[in-house]
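Participant: Attaching a predicted model along with its sequence, questions to come.
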Amino acid sequence: MAIADPPAQQRPTRPGRSLFTGDLARRAVLDSFAKLDPRVQIRNPVMFVVELGALITSVTWLIQVFGGGPLGGGHEPAWYTFTISIWLWLTVVFANLAEAFAEGRGRAQAATLRAMRQETEAHLRDGGVKSASELTKGDVVVVEAGELIPGDGTVIEGIASVDESAITGESAPVIRESGGDRSAVTGGTRVLSDQIVVEITQEPGQSFMDRMIALVEGAARRKTPNEIALNILLAGLTLIFMIVVATLRPFGLFAHTPISETTLISLLVALIPTTIGALLSAIGIAGMDRLVRRNVLALSGRAVEASGDVDVLLLDKTGTITIGNRLASEFIPMPGVSETELAEVAQLSSLADETPEGRSIVVLAKQYGIREHEMADLHTEFVPFSAQTRMSGVDLDGRSLRKGAGDAIIGFAEQEGGHAPDELQSTLDRIGREGGTPLAVARDSQILGVIYLKDTIKEGMRERFDQLRAMGIRTIMITGDNRLTAAKIAEESGVDDFLAQATPEAKLQLIREQQGTGRMVAMTGDGTNDAPALAQADVGVAMNTGTQAAREAGNMVDLDSNPTKLIEIVEVGKQLLITRGALTTFSIANDVAKYFAILPAIFLSTWATTREGEGPLHVLNVMNLGSPRSAVISAIVFNAIVIPLLIPISLKGVAYRAIGASALLRRNLLIYGLGGLIAPFIGIKLIDLIVHNLLGA
Amino acid sequence: MTFTGWLTIFGFAAILTALALPFGRYLAAVYTGGRTWLDPVLGAPERFLYRLLRADPSEGQDWRTYAKSLIVFSLAGWLLLFLILRTQTLWDFTGLNPLHYHSAPWNVTFNTTSSFLTNTNWQYYGGETTMSYFSQMAGLTVQNFLSAGVGIVVAVALIRGIVSRGGSSLGNFWQDIVRTVLYVLLPLSIVVALVLVFQGSIQTFSTYLVSHGLTSGGSQSIAVGPVASQEAIKELGTNGGGFFNVNSAHPFENPTGFTNLVEMLAVLIIPAALVFTYGRMTGSRRQGYAIYATMMVMFLGAAVVCYVAEAHGSPAQHAAGIHHGGNLEGKEQRFGIAGSALFDVVTTVTSCGAVNSAIESFTGIGGAVPFANLSASEVIFGGVGTGLYSILLYVLLAVFIGGLMVGRTPEYLGKKIEAREIKLVALGLLITPLAALFSTALATASRAGRASISATGVGPQGFSESFYAYLSQANNNGSAFAGYGGFVQPNAGSLGSHGITFADLLGGFEMLFARYGPILFALAVAGTLVGKRVSPAGLGTMRTDNPTFVILLIGVIILVGALTFFPALLLGPIVQGLTGHLYS
């Protein structure tokens, strides 16, 4: 099962999500012809060779038709040359189509972004008005409710709710305020309430939105290191096959078998890795696109590749591993008080408390068989929490029920004339040591006991960590808690290791240590003090809710600000490489069948021994293809149409399974290696049946 | 097929493995500065040689310096050998040219010199009718040692590049070559030579013997010479250049079935042991076992196919109604079918190229086996050193493709395989096919090239002869298919002889190109890997020491070889095999 399926509650869909839409297809087809320009093709050595071959066969055909005389090296009919030539052109077009589709999906997203980026006026704090596109770094602008924020910047005054759906797709507004970790605002988002003063942090044309558009459009796309390496391998293979084919002509002549240019070019195109060559750039673009659709912006393709290599994942405890809200887990009564009595008072005191903690107390109390009380029935008076009293509760029939911080409750009880039991302090201390939060409960002067509030680990975390372990990734939990608490949560959640009482410096140090042993480290962060660590990590994912400094330091931005997204990012990185490897294997394995189609066709009558002019090599025609020309055409047609057939796989990516490297390799070798060996035998035979029997070639 | 036949093949594999394991440990000690039991004996001559070469063995060399030393060393060796062979009569005063043979013509000498320098030992000449004892001993045998040494040190340098933890040093070329000759090749040669002499091989400076026939009254000259010493290193260094023209079929070179076994073991012991050495030097013996398994599976596959084909007999035999006994044409009775088939496989998977039977007389399938072995680019054990460094290039290629399929930037033993490595690996693997195919194309397409084809070499046979000749030289193998000539020698002693310049030069340059090209690329790969950061292996890392990887590696080797050479094989051995006109 693929891990890290996108959570169901994920955001509304954005336009351009479906694989193929009408508009997209039309544009892609047009683009794929425009890309026939040799200046475009030269960047892809494999397809450039195919295009050259297409050109040569076209010229050959023209000479055959209009020049009259037959050409040297085998006499092929003009229709044969024409057919091969057309299919070679189609091969290049199909390759372009794959790339155009991949680019088209990004472009559609960029278009929606562009539409949202309206030209706005910026009101400078010192009175002037500037067009948003003229804002430079250091300008200070005032943005009122209902206005678009004119550029990326940091809030230096005020607090406001901001609608960031333009970039995140999330319609719920977010809070942006000066100081702290929520001070970054993005150009093109709208202020919904209040007024903020923003200092612009970007030069014109380099805003977050600009970069995002460039990224999804593929304009800033550069070949990634691994893509370059694979391209070199493909060029090397192309070179080997050029040698093989170039020397085949003299070999043929020695055996009194002239081979036409058209057939030689067909053999070359069939052998060179056109399948992967055609799909390579589409795979890269689609990888980026898959991240964008998960609402992650990778600032470079290199970062996406690196994420597949991650060995260590640093995860913040709060909000990532734990829910972040502390929930009631236990009632600890003082001597002489029953647990049920404590539970009942705790419940009553929390009835009006709508905080998650309060609600969790009510839920826990239910387990003691205490029925739900209706506030209205009880004639109660709610005493809300305040920073001064640090407790809350109800006044019920003249009795005061309170819950709150230990010392606050002790103070309350003493004020009412009671005193704290001896056991109270030790219980409070123990819970604190264990990383929990104790809430004392009092009824008038009597302290009844303590509610144990615990940090709750998110559901399914253990399974996730197990999966990560199966992927070969170690997880390290980062927390400000003390060692004891950290160890406890680490153990409960199944995380591999933890860093307790973490400071930003300790975090940076940990990353350096891990990298020193050759490991690749990924982490998420949002605060300004996370910036150095984000920059140091191989994959640093900044939360979009975070500060501008954090967003600058990381090499990815998660628009959903969901720290567990890292797992999905790793998966996308791995998928990218797997897709490349699988299609390379498939492409090379295909060659065997193509040899068995084309070589017997070429050497059918070499050293002929029979009256019909068949030589001994005809036995190699294991597919029993109809005729030599039909065999060559079938091989070339198969070679061409396999490209569009594989476009969906290259755009969606080959599924990654966290089953360990060896099992994964076996699986992919079986599917793409063995499959690649067998599939073309079937495909070529089927095409030959059509070409030979129906079309009479 | 007989029980003895199967026992020969599988027993041989077992003995080889049993010997190679401890010898691999010894080699690891030699190349990692460990102590060996030969230190007390060889320490002094070793230090003397360093002084003579003015080399500081403790000075580490980066790949460029290492390569430069290797090229200088080889160039000097080439000039020296060419000089010795061209001035053969000048050395008559030593008494080591009893028949006063003249030098072979310059073009043949060019080919021979390049051939022995590159560990190919392709021979356009017949040893007993061309070479003086001095040329054989001071010229050819010396290069048998040195060319083998060069192959081994490149493998060692590449291993160091792979296992190194930082820095740029691949070791010191002068130290490696001296220790290889002193600690590895010399002691083994002495042992093997003594066994050969004990079994009836000869070692003498006396002139050729004349024997008078008992019945016809005619006389016969029996060539003799210092055979055993040259024979030993010929096998141990996977050189293969015979003292006599008929090579290891000659009773003075390979007198008994036992020497046949010893010679086969001598051919494979160093290439096999080096694989275990590799495992030890990487710190994970399993890495060595995986490569050994890859080689052994392919080796046994070749041996079984060849043996079955030969034991089955030829179509001509079957046509004549003989259905038992197998194909013994061109084979020595004392070796039998299994001993001949196995020897053929042993010497064509390695770059040895020695022969003890006529490959030309093999059946279609049996004769296709050496072709297939050569097409696999000498990585099934391969030449001493060359086999290991060549298969390591294939390993890197397999790691790259396989590594992608597990979703990580491919890495081998913790070092990332990136654009630069892939470029060097691709170019390194490109050279042998390039050399073999272009040379064959030139030779078959030109009148000058076709002049070398034997009179009987019409049709596919002529193609097979040419292709085998250039495939063999491109692989630095040197095994000959017979029929393809580069030397016209009307009588013994080279007077009035002339070389076929085209074949001599094309072959000579091909051997040099196909030897030093891959060596430089292998060293360059070592140079880029040496300083790379090592990442620890985890569950997500592709393992290179398990059966899955062995299968992947075998697949890559076979696929690359088959895709490259299938068309050429089609026109030679395959068409011949299909027509039943077997190699005649």
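Facilitator: The structure has been received and is ready for your questions.
Participant: Around the residue lying closest to residue A:504 once chain neighbours are set aside, how many other residues sit close by?
Facilitator: Counting by CB to CB, 6 or more residues apart in numbering or on different chains, residue A:504 lies nearest to residue A:529, which is 4.1 Å off, once chain neighbours are set aside. Backbone N, C-alpha and C define where each C-beta goes, glycine included. When neighbours are defined as other CB atoms under 10 Å in any protein chain shown, residue A:529 has 17 of them.
Participant: do the same with residue B:319
Facilitator: The number of residues packed near residue B:319 is 9, by other CB under 10 Å.
Participant: could you measure it against residue B:313, distance?
Facilitator: According to CB to CB, to the nearest Å, residue B:319 and residue B:313 sit 10 Å apart.
Participant: Check residue A:355 too.
Facilitator: As judged by CB to CB, residue A:355 and residue B:313 stand 93 Å apart.
Participant: before we move on, back to that, quick check, the residue nearest to residue A:504 in contact with residue A:502.
Facilitator: No - taking contacts as CB atoms under 8 Å, residue A:529 lies outside contact range of residue A:502: 10.7 Å.
Participant: who has more neighbours, residue A:355 and residue B:313?
Facilitator: Neighbour totals were compared for residue A:355 and residue B:313, and residue B:313 leads with 20 against 12 (other CB under 10 Å).
Participant: Surely the more buried one touches residue B:329?
Facilitator: No - contact criterion CB under 8 Å: residue B:313 and residue B:329 do not qualify, at 9.8 Å.
Participant: Give me the common contacts of the two.
Facilitator: Counting by CB atoms under 8 Å, 6 or more residues apart in numbering or on different chains, residue B:313 and residue B:329 have no shared contacts at all.
Participant: part of a helix, is residue B:103?
Facilitator: No - secondary structure of residue B:103 (DSSP: H, G, I helix; E, B strand; the rest coil): coil, not part of a helix.
Participant: quick one, what contacts residue A:574?
Facilitator: For residue A:574, the contacting residues are A:308, A:471, A:656, B:407, B:408, by CB under 8 Å, 6+ apart.
Participant: Whichever helix or strand residue A:330 is part of: what's the following helix or strand?
Facilitator: Here residue A:330 sits within strand A:322-333, counting by DSSP states H and E. Next helix or strand after strand A:322-333 toward the C-terminus (DSSP H and E): helix A:339-350.
Participant: From chain A, how far off is residue B:247?
Facilitator: Going from residue B:247 to chain A by CB to the nearest CB, to the nearest Å gives 28 Å.
Participant: Does that residue touch residue B:355 like I think?
Facilitator: Yes - if you go by CB under 8 Å, residue B:247 and residue B:355 touch, sitting 5.0 Å apart.
Participant: What ranges in the stretch 401-550 of chain B fall below the confidence cut-off?
Facilitator: Within the stretch 401-550 of chain B, no range satisfies pLDDT under 70.
Participant: Now the residue lying farthest from the centre of chain A: which helix or strand?
Facilitator: What lies farthest from the middle of chain A is residue A:611; by CA atoms, centre = their mean that is 64.1 Å. Per DSSP H and E: residue A:611 is located in neither a helix nor a strand.
Participant: pLDDT at it, what is it?
Facilitator: According to the prediction, residue A:611 has pLDDT 73.
Participant: any idea how far it is from residue A:617?
Facilitator: Per CB to CB, residue A:611 is found 17 Å from residue A:617.
Participant: which of the residues in stretch A:611-623 are buried?
Facilitator: Under the neighbour-count criterion of 16 or more other CB atoms under 10 Å in any protein chain shown, stretch A:611-623 has A:615, A:616, A:617, A:618, A:620, A:621, A:623 buried.
Participant: Not counting its own residues, what contacts that stretch?
Facilitator: The contact list for stretch A:611-623 (CB under 8 Å, 6+ apart) reads A:593, A:596-597, A:599-601, A:603-609, A:631, A:681, A:684-685, A:688, B:570, B:574-575, B:578-579.
Participant: Return the members of those residues classed as buried.
Facilitator: Among the contacts of stretch A:611-623, those buried by neighbour count (16+ other CB under 10 Å) are A:593, A:596-597, A:599-601, A:603-608, A:631, A:681, A:684-685, A:688, B:570, B:574-575, B:578-579.
Participant: Count the neighbours of residue 293 for me.
Facilitator: Since no chain was named, I'll use chain A. Residues near residue A:293, counting by other CB under 10 Å, number 18.
Participant: hm, I was asking about chain B
Facilitator: Around residue B:293 there are 19 other residues, counting by other CB under 10 Å.
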